[in-house]
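Asker: Below is the sequence, then the predicted model.
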Amino acid sequence: MNKGTFIAIEGPDASGKGTQQKLLVDRLKLQGLPVVTVDFPQYETSLFGKLVGQMLHEEFGPLSNIDPHIASVIYAADRLKASGYIASHIAEGEIVVANRYTLSNMAHQSARLPEAKRVEFIRWLYRMEYGEEGFTIPKPDLYVHLDVPIEITQELVLQKAERAYLNGEKKDALEADVAHQIEAAKMYHQLAEVLPEVTSIQCASEGSLLPPEIIHELVWEVTKSSLREDREGIISRERES
């Protein structure tokens, strides 16, 4: 069986990643394609995901006191925990759609460093996640970066459902730090410019967020180009219908 496809939906906090993941999965299933999902961090199901939640809730002290390299190892270990699940489905020829993956770590943790140290950090992170001396977790074929202005995401984060790891609070340490969110958004843009597997989707127009269905159509167009050749017949039939 041909190798499957690994797609990660990425973007700033409250950019609609979960919504776009669901819409994309529903579309793929409608085409008769085998698809599974995975979400990061795994706050409820992974020891390391729970540590991430505690860290973001600052239960170990101010997040600013935790070096980005150390924080990144915890996030990476959470992904490593799910790597067998992801790899097995890819090996079976299925499509895996993730809500967040390594790109989030690159953007958010590099944003916590001075600009002069960010490139070196990202290179280190790439080696740690994908290099032979590191964890060597599955690498996505496509990162879909949902580009949503910070002014919009700051409003949307307050509309999120209650999350257990925050004990009723609306924002975690990174979400509450507007300066950090601005720097992280900048890093998402820079990473999209240099990493060929990252494609940005403009999700706003004239200061307003586009409807989810319109954003989905943009995501779908990008996704179709990343699917393996053995899926082309299905995609072609959709064009004809």
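Answerer: Now that the structure is in, tell me what you want to look at.
Asker: Could you check the pLDDT of Thr136?
Answerer: Among the per-residue scores, Thr136 shows a pLDDT of 86.
Asker: helices and strands of this protein: which one bottoms out on pLDDT?
Answerer: Using mean pLDDT, DSSP states H and E, helix 232-240 stands out as the lowest-scoring helix or strand of the chain, at a mean of 52.
Asker: for the chain, what spans make up the helices?
Answerer: Along the chain, counting by DSSP state H, helices occupy 17-30, 47-56, 68-91, 102-110, 118-130, 150-156, 178-194, 212-226, 232-240.
Asker: Out of the ones you listed, indicate the one that is most buried.
Answerer: helix 102-110 (a mean of 24; mean count of other C-beta atoms under 10 Å). C-betas here are computed from N, CA, C, even on glycine.
Asker: Convert that helix to PDB, retaining C-alpha atoms only.
Answerer: Provided in PDB are the C-alpha atoms of helix 102-110 (Å, rounded to 0.1, in the frame of the first residue of the first chain):
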ATOM      1  CA  THR A 102       6.300  21.000  15.500                       C
ATOM      2  CA  LEU A 103       5.700  24.300  13.800                       C
ATOM      3  CA  SER A 104       3.900  25.600  16.900                       C
ATOM      4  CA  ASN A 105       7.000  24.800  19.000                       C
ATOM      5  CA  MET A 106       9.300  26.500  16.500                       C
ATOM      6  CA  ALA A 107       7.100  29.700  16.500                       C
ATOM      7  CA  HIS A 108       6.200  30.000  20.100                       C
ATOM      8  CA  GLN A 109       9.500  28.900  21.700                       C
ATOM      9  CA  SER A 110      11.700  30.900  19.400                       C
END
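Asker: helices or strands up against it?
Answerer: strand 5-10, helix 68-91, helix 118-130, helix 178-194 (3 or more C-beta pairs under 8 Å, 6 or more residues apart in numbering; DSSP states H and E).
Asker: could the helices of the chain be laid out in TSV, adding distance to Thr37?
Answerer: Conversion of these to TSV gives the following (distance: least, C-beta to C-beta, whole Å):
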stretch	distance to Thr37
helix 17-30	6
helix 47-56	15
helix 68-91	10
helix 102-110	16
helix 118-130	20
helix 150-156	21
helix 178-194	22
helix 212-226	14
helix 232-240	19
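Asker: any chance of the helices and strands packed on helix 102-110 in CSV, with mean pLDDT and distance to Val35 too?
Answerer: Putting the helices and strands packed on helix 102-110 into CSV (pLDDT from 0 to 100; distance: least, C-beta to C-beta, whole Å) gives the following:
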stretch, mean pLDDT, distance to Val35
strand 5-10, 97, 9
helix 68-91, 96, 9
helix 118-130, 94, 23
helix 178-194, 93, 24
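Asker: Which pLDDT value goes with Asn65?
Answerer: 95.
Asker: Excluding sequence neighbours, find me the nearest residue to the residue positioned nearest the centre of the chain.
Answerer: The centroid of the chain falls nearest to Arg100 when counting by C-alpha atoms, centre = their mean (2.0 Å). The spatially closest residue to Arg100, leaving aside those adjacent along the chain, is Phe40, at 4.3 Å (C-beta to C-beta, 6 or more residues apart in numbering).
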